[in-house]
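*Asks:* what shape does this take:
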Amino acid sequence: MQIEIITGSPRKDSVTYRVALHLQAALREHTDHIVGIIDVREWNLPLLQNVFSSVDQTPEAYKPLTKRMFAANAFILVTPEYNGSYAPALQNLLDHFPKQARKAFGIVTASVGAMGGMRASQQMLLLVAGLFGIASPNMLIIPQVDKKFDGNGQLMDLGFKPAIDNFTKELLWLAGNLQPESVAEKRTVYN
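*Replies:* Next comes the predicted model:
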């Protein structure tokens, strides 16, 4: 399976990027899935003018991004909370691509405050539904993110590890059950 972690903060010293690094390392260590990070800071996407409906119809500068988006079986969306919602840069990136029908999405929000981006997580549920994706009901809400992860994505608060493990376990279960092979096998069983 190919999993893309999309980190939505455009800020130079993004603390949510630390979470993306940690999740990538953990998934690579414990699974054989291909796990990449798509960082909005690396793609100078203009405000939406055209949807990239195929690799061939994508401007040359964005073809590598388009290939990754189309190849992904699942996404993990990582965002800080901005004014009660998710990062606009994340929305802009996702808007450049067609609907992600029947793909699994993990929702991760974080803040340096005590709420962990809780309001943004609720907005993200609406976003995933609008993309025709399927959100894992187990979200990862991270309060005081700057005290939980260091700049390299290492977990400093080991008491938070069970929440991360549960989030990844549930997302992998959902994504695995949405794969075409799994669906075909289940149809055979029930016919």
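
*Asks:* which elements pack onto the top helix by length along the chain?
*Replies:* For the chain, the helix with the greatest residue count under DSSP state H is helix 161-177. In terms of contacts (3 or more CB pairs under 8 Å, 6 or more residues apart in numbering; DSSP states H and E), helix 161-177 is packed against helix 16-30, strand 74-80, strand 104-110, strand 140-142. Using the backbone N, CA and C atoms, a C-beta is placed for each residue, glycine as well.

*Asks:* if I look at Thr168, how far off is Thr16?
*Replies:* Using CB to CB, to the nearest Å, Thr168 is found at 17 Å from Thr16.

*Asks:* kindly report the same for Ala25.
*Replies:* For Ala25, the distance to Thr16 - CB to CB - is 15 Å.

*Asks:* settle it for me: which of these two has more neighbours?
*Replies:* Per other CB atoms under 10 Å, whichever of Ala25 and Thr16 has more neighbours is Thr16, with 23 against 15.

*Asks:* what's the closest non-adjacent residue to Met69?
*Replies:* Excluding the flanking residues, the one nearest Met69 by CB to CB, 6 or more residues apart in numbering is Phe97, at 5.0 Å.

*Asks:* quick one: contacts for the one you found?
*Replies:* For Phe97, the contacting residues are 51-52, 66, 69-70, by CB atoms under 8 Å, 6 or more residues apart in numbering.

*Asks:* just say helix, strand or coil for it.
*Replies:* Assigned by DSSP: H, G, I helix; E, B strand; the rest coil, the conformation of Phe97 is coil.

*Asks:* and Tyr62, by the same measure?
*Replies:* helix.

*Asks:* number of nearby residues for the residue lying closest to it once chain neighbours are set aside?
*Replies:* Distances taken as CB to CB, 6+ apart place Phe52 nearest to Tyr62, at 6.4 Å, with adjacent residues excluded. A count of nearby residues for Phe52, using other CB under 10 Å, gives 19.

*Asks:* so what's the backbone phi/psi at Phe52?
*Replies:* Dihedral angles of Phe52 (phi, psi; degrees, to the nearest 10) stand at phi -80, psi 90.
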